[in-house]
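1. fold the following for me, if possible:
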Amino acid sequence: MSVVSSSLSRNPSTSTIIKNGLLAFTKGFADSLRGAVDLFFLDNRRIQQKEQKLHQREIDRELLINRDSPARDVVNIAKKRAAERREREKQRNLTQPRKKEPNILDRTVKCCLLNGAVFWSSIFVFENVVLPTVQMAVLVFTQEGSGDSLWTFTEPVLSFAFSSLWVLPFFLLSKIVNAIWFQDIADLAFRSTQGRPLVNLSISIMIADTVISIVVESIFLIQGKVISLVPIQLLGSALNLVHLCLLHALYAFEYKWFSQGLELHKRLDLIETNWPYFLGFGLPLAVITSLPKSPVVAGCVFSIIFPLFIVAGNQASVYQSPGVPPLNIFAPTIQISNAVFSNTFTRFNKNEKRPNLQR
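-> Here you go, the predicted structure:
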């Protein structure tokens, strides 16, 4: 009897598995929305922690200076003088302000201004104001009947010029700037909750990890697009959405996990093992960025709201779902990535050790 009960405890029922999966999914969805709230508190929390550390450092300094004073008076004297010194420093900073330190909210606002107020709005104005105005002018100032034919040549030329001279350069520039700001937001959010990064990797290792991550994530994105081509359209769209949810969750948590020293294969293992949680976490971002038809506009939307998910990922704790089997969805991507890196490194340097994502 005990053997049977022990076996049942090790093998939860189907209803329990479904319940655990739904709870993890709901928890992930709720955690993803926390970034919009935590964004306004992390900066103050970081400043308060910094003030406490400086105040404690001043107390320790005064204790060292006044170590020969009577024991009962040392602590009180140290606290009093430390508070006076901190107050003088605050007054000095008010009269001679130092360079303002970057903060999470500031970086997020800049992302919104760059990608929304400048880039996205320029595309909107061109498509909804400039093109209709030029079309009207062409129709008004040309002979009847020739305006439509002239516009069929003018519209593609204007669109191509706008895309080549403005959209493409600005899009590439914004990608570089966004990457820097995203990293700043991730570093500040990580320090506000967990202190300094737990690892201090060399530049070469960081570059290698970044390159491999980009390749794996790109192949995984293509994998989702290929699976979406299944004959049943609803099924294909659902499978593609699952890929996008897990990919966006990986994007959001990757900054935190990298600072914790987790290698790429361990990050992928976490995603596959706790996929209900990450499916719920990545759902809002995947749905919102899938709404625009233009990939450029979708990129703008992603850049505007992604900082919220970086903050949410730093604050979140992964909710496990016992009994839910792992989803080995990255297996094809890993096989292709290993083949790509194997062929590349064999071609250029047969004696060097090749990176392997095999788990």
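
2. Tyr261 in helix, strand or coil?
-> Careful, residue 261 is Gly and not Tyr. coil (DSSP: H, G, I helix; E, B strand; the rest coil).

3. now swap in Tyr319 and tell me
-> coil.

4. could you find the closest non-adjacent residue to it?
-> Computed as Cβ to Cβ, 6 or more residues apart in numbering, the closest residue to Tyr319 that is not its neighbour in sequence is Lys27, at 4.0 Å. Placement of C-beta: from N, CA and C, glycine included.

5. now the helix or strand containing the one you found: mean pLDDT?
-> Assigned by DSSP states H and E, Lys27 belongs to helix 14-32. Per-residue pLDDT over helix 14-32 has a mean of 93.

6. same question for stretch 38-46.
-> Stretch 38-46 comes out at a mean pLDDT of 69.

7. stretch 179-195 now?
-> 76.

8. stretch 321-333 too?
-> Stretch 321-333 comes out at a mean pLDDT of 92.

9. how far does it sit from its chain's centre?
-> 22 Å (Cα atoms, centre = their mean, to the nearest Å).

10. for that stretch, list the C-alpha coordinates in PDB.
-> The C-alpha trace of stretch 321-333 is given here as PDB (Å, rounded to 0.1, in the frame of the first residue of the first chain):
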ATOM      1  CA  SER A 321       5.200  23.700 -12.300                       C
ATOM      2  CA  PRO A 322       5.800  20.200 -10.800                       C
ATOM      3  CA  GLY A 323       4.700  17.300 -12.900                       C
ATOM      4  CA  VAL A 324       4.600  19.300 -16.200                       C
ATOM      5  CA  PRO A 325       7.100  17.600 -18.600                       C
ATOM      6  CA  PRO A 326       9.800  19.800 -20.200                       C
ATOM      7  CA  LEU A 327       9.200  21.200 -23.600                       C
ATOM      8  CA  ASN A 328      12.300  20.400 -25.700                       C
ATOM      9  CA  ILE A 329      11.400  23.200 -28.200                       C
ATOM     10  CA  PHE A 330      15.000  24.400 -28.600                       C
ATOM     11  CA  ALA A 331      16.300  21.000 -29.600                       C
ATOM     12  CA  PRO A 332      16.200  21.600 -33.400                       C
ATOM     13  CA  THR A 333      17.700  25.100 -33.000                       C
END
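
11. list the buried residues in it.
-> Neighbour counts over stretch 321-333 (16 or more other Cβ atoms under 10 Å) mark Ser321, Gly323, Val324, Leu327, Ile329, Phe330, Thr333 as buried.

12. pick the one among the residues you listed closest to Gly236.
-> Nearest to Gly236 among the buried residues of stretch 321-333: Ile329, at 15.0 Å, using Cβ to Cβ.

13. so the closest one versus Ser259, what's the distance?
-> 25 Å (Cβ to Cβ, to the nearest Å).

14. again, but for Leu22
-> Applying Cβ to Cβ to Leu22 and Ser259 gives a distance of 31 Å.
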